[in-house]
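Colleague: this one's structure only:
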Ligand SMILES: Cc1cc2nc3c(=O)[nH]c(=O)nc-3n(C[C@H](O)[C@H](O)[C@H](O)COP(=O)(O)O)c2cc1C
């Protein structure tokens, strides 16, 4: 009799936890920040945004974005090159748009254009996602001449010559703004719940 009761107890606990699991797992699903970066400033921006989200997000390069089943929300970030998103991000969206569109929380771009003049890049990003994200933000990045590929070096040299501006290294990244954006995203998630 005792054995039967213990058996019944175990069966009901297992049964209950099986029913409880999907809802619990859904609630626990994390956020993934998928970024594409040629020279590191978009990667750095993604890391700072994740930091602002108090450990509730992981940042991964688009090249390492595997199965997204374990993530409830997705944030996408890309550097801007010749007025376009990074080619890896374009390819990612072409092949996996459906997978991310219903989880898309935010997009961000990292560019040389002042953020308040970069709305066009954000609109282009949202257009490629075919979904309007809850939040969009532009950040400034860096140019480190020593990192540039010979082709990019030449193109930027020609560009700066044509606009009669000096071709110099700069670092306009802003950690505080990235942390702030991370916090805003967290608030949005709470509002949505
Ligand atoms: C080849 C090249 C082309 C660029 N073209 C643009 C551009 O069209 N518009 C812009 O705002 N910034 C442009 N930038 C600046 C980059 O968007 C900026 O440096 C950004 O921080 C790069 O991100 P990353 O470090 O993740 O590669 C260009 C940079 C490079 C190297």
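Modeller: That came in fine, so what should we check first? The shown structure was predicted, so the numbers you read here are calculated from the model rather than taken from an experiment. Residues are numbered from 1 along each chain as shown.
Colleague: quick check, pLDDT for residue 9.
Modeller: For residue 9, the pLDDT comes out at 54.
Colleague: can you pull the contacts of the closest residue to the ligand within the chain?
Modeller: In the chain, the residue found nearest to the ligand is residue 141; the distance is 1.9 Å by Cβ to the nearest ligand atom. Where C-beta positions appear, they are placed from N, C-alpha and C, glycine not excepted. For residue 141, the contacting residues are 39, 41, 42, 44, 45, 79, 110, 111, 112, 172, 173, by Cβ atoms under 8 Å, 6 or more residues apart in numbering.
Colleague: which members of the residues you listed are the farthest-apart pair?
Modeller: 44 and 112 (15.1 Å; Cβ to Cβ).
Colleague: looking at the two, which one has more neighbours?
Modeller: For residue 44 and residue 112, the more surrounded residue by other Cβ atoms under 10 Å is residue 44, and the numbers stand at 21 against 17.
Colleague: can you pull out the strands in the protein?
Modeller: 30-36, 57-61, 71-81, 84-85, 104-111, 135-140, 142-143, 170-171 (DSSP state E).
Colleague: OK, contacts around residue 188?
Modeller: Residue 188 sits in contact with 105, 106, 134, 135, where contact means Cβ under 8 Å, 6+ apart.
Colleague: the third one contacts residue 103, correct?
Modeller: In other words, residue 134. No: the criterion here is Cβ atoms under 8 Å, and residue 134 misses it with residue 103 at 11.2 Å.
Colleague: interface residues of the protein facing the ligand?
Modeller: By Cβ under 6 Å from any ligand atom, the part of the chain that sits against the ligand consists of 37-42, 79-83, 110-113, 141-143, 148, 152, 155-156.
Colleague: now with 5 Å?
Modeller: 37-42, 79-83, 110-113, 141, 143, 152 (Cβ under 5 Å from any ligand atom).
Colleague: of those residues, just the buried ones, ChimeraX syntax please.
Modeller: Provided next is the ChimeraX selection string for whichever of the residues of the chain next to the ligand are buried by 16 or more other Cβ atoms under 10 Å:
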select :37,38,39,41,42,79,80,110,111,112,141,143,152
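Colleague: in this structure, where is pLDDT below threshold?
Modeller: The chain contains residues with pLDDT under 70 at 1-28, 192-193.
Colleague: how about a cut-off of 90?
Modeller: 1-29, 55, 189-193 (pLDDT under 90).
Colleague: how about the helices in it?
Modeller: 2-28, 41-52, 87-101, 119-129, 150-162, 175-192 (DSSP state H).
Colleague: now the angle between strand 71-81 and the fifth one, please.
Modeller: Meaning helix 150-162. Relative orientation of helix 150-162 versus strand 71-81 (axes from the mean of the first three to the mean of the last three Cα atoms, to 10 degrees): 60 degrees.
Colleague: renumber starting at 883 from here on
Modeller: All set: I'll call the first residue 883, so the last point we hit is now helix 1032-1044.
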